[in-house]
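>>> below is the structure, and that's it, no one-letter string:
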Ligand SMILES: C[C@H](OP(=O)(O)O)C(=O)O
Ligand SMILES: [Mg+2]
């Protein structure tokens, strides 16, 4: 009797390691010691059965970590859910980045979060002890302003966003904007139908805006009736990563309401689109095949890595879950995954 026994250790998000094995026996008279329908394996079998070996994300281990250190010069880090989240810094993230800098690796911060400016992120990195220079940080507020400057935009931006993030970045490139701050419900339908809009507005830009309102959606959608009016959005993340019971709506919730009302889709400035990588590649001459994108989202970070030709490591400390990773409908499959960034630190 010949049987092929393949062991696989899988680290679950609760830190419990489980051993699972599959066997292919040419003569099915072999009985495994532990019945395969034992609960220990039920989860594993679903996990293994839902992933074909060709596209299975691999749990990071010593050999894979050493391969990264040998073949990756540049580490691009997503921020929310990897380095920090709503509760503060994520354990081990700072130590891991400092070790990579000690090893001479280039480190960049690539965040979809449009609630803060690039300067704010620089101040935050310094405050937390992360090694960062301003040109190593790209956030979607900065990218949106840089994009409008690159296309030599002329006119005013109707901004659904914060004055101290998108507003600050637009001002820095000399672009005028209107619309920020509270815009509560006023008047009734007969008033709305005759409301005055700013004829100078030639772009609607939607980012994170805690003052999102019915009036703002109405104004944005009305500006967008003009097909020559540009429609940009910073990102489509549905939630901000914050472990706990509360769901914190992300910028994607602001974008979908304007998109639905306007019946138009925006040009997305952030991940998974390649704008942020292109800006870094142009400024620092990056070779994507020697870059690793580390993120917590399959729909943005891991797709971004794939779109830009980079290697990818998913961490389960933020938005993505092991179940989502192993689902046959997963939006993308990273090369590697780990429970948290500092899993890498164990091996380097
Ligand atoms: C979640 C996302 O930020 P990132 O994870 O890209 O830092 C966002 O704030 O919408
Ligand atoms: Mg994230």
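In hand now; what should we look at? Keep in mind the model is a prediction, meaning the values are calculated, not measured. Numbering: from 1, shown residues only. Ligands and ions are numbered 1, 2, ... in the order given.
>>> distance from stretch 86-97 to the middle of the chain?
Here the centre of mass of C-alpha atoms in stretch 86-97, compared against the chain's by C-alpha atoms, centre = their mean, to the nearest Å, lies 16 Å away.
>>> typo on my end, stretch 311-322
Using C-alpha atoms, centre = their mean, the distance between the centre of stretch 311-322 and that of its chain works out at 10 Å.
>>> could you do stretch 123-138 as well?
18 Å.
>>> do stretch 265-284 as well
Its chain's C-alpha centre and that of stretch 265-284 lie 12 Å apart, by C-alpha atoms, centre = their mean.
>>> I'd like the numbering to begin with 103 instead of 1 from here.
Will do, 103 is the new start, and the previous item becomes stretch 367-386.
>>> contacts for that stretch next, please.
Contacts of stretch 367-386 from elsewhere in the structure, counted by C-beta atoms under 8 Å, 6 or more residues apart in numbering, are 176, 178, 180, 208, 210, 212, 214, 216, 237, 240, 242, 245-246, 248-249, 308, 332-338, 357, 360-361, 388, 390, 397, 399, 401-403, 405-406, 408-410, 412. In short, each C-beta sits where N, CA and C put it, glycine included.
>>> of those, which qualify as buried by neighbour count?
Under a neighbour-count criterion of 16 or more other C-beta atoms under 10 Å, the subset of the contacts of stretch 367-386 counted as buried comprises 176, 178, 180, 208, 210, 212, 214, 216, 240, 242, 245-246, 248-249, 308, 332-338, 357, 360-361, 388, 390, 397, 399, 401-403, 405-406, 408-410, 412.
>>> narrow those to those in helices?
Restricting the buried ones among the contacts of stretch 367-386 to those inside helices, with DSSP state H as the criterion, leaves 242, 245-246, 248-249, 357, 360-361, 405-406, 408-410.
>>> kindly indicate which of these lies nearest ligand 2.
Distance ranking of those against ligand 2, using C-beta to the ion, places residue 406 first at 10.6 Å.
>>> surely that closest one touches residue 395?
Yes. At 6.2 Å, residue 406 and residue 395 qualify as touching, with contact defined as C-beta atoms under 8 Å.
>>> common neighbours of those two, please.
Counting by C-beta under 8 Å, 6+ apart, the residues touching both residue 406 and residue 395 are 212, 412.
>>> pLDDT weak spots in the protein?
Low-confidence segments of the chain, defined by pLDDT under 70, are located at 103-156.
>>> roughly how far does residue 408 sit from residue 257?
Noted for residue 408: a distance of 35 Å to residue 257, by C-beta to C-beta, to the nearest Å.
>>> cool, and residue 339?
Counting by C-beta to C-beta, the gap from residue 339 to residue 257 is 28 Å.
>>> and if you look at residue 348?
Here the criterion is C-beta to C-beta. By it, residue 348 lies 39 Å from residue 257.
>>> the more surrounded of these two?
Under the criterion of other C-beta atoms under 10 Å, the comparison of residue 348 against residue 257 puts residue 257 first, with 17 against 7.
>>> does that one touch residue 302 like I think?
Yes. The criterion here is C-beta under 8 Å, and residue 257 meets it with residue 302 at 5.7 Å.
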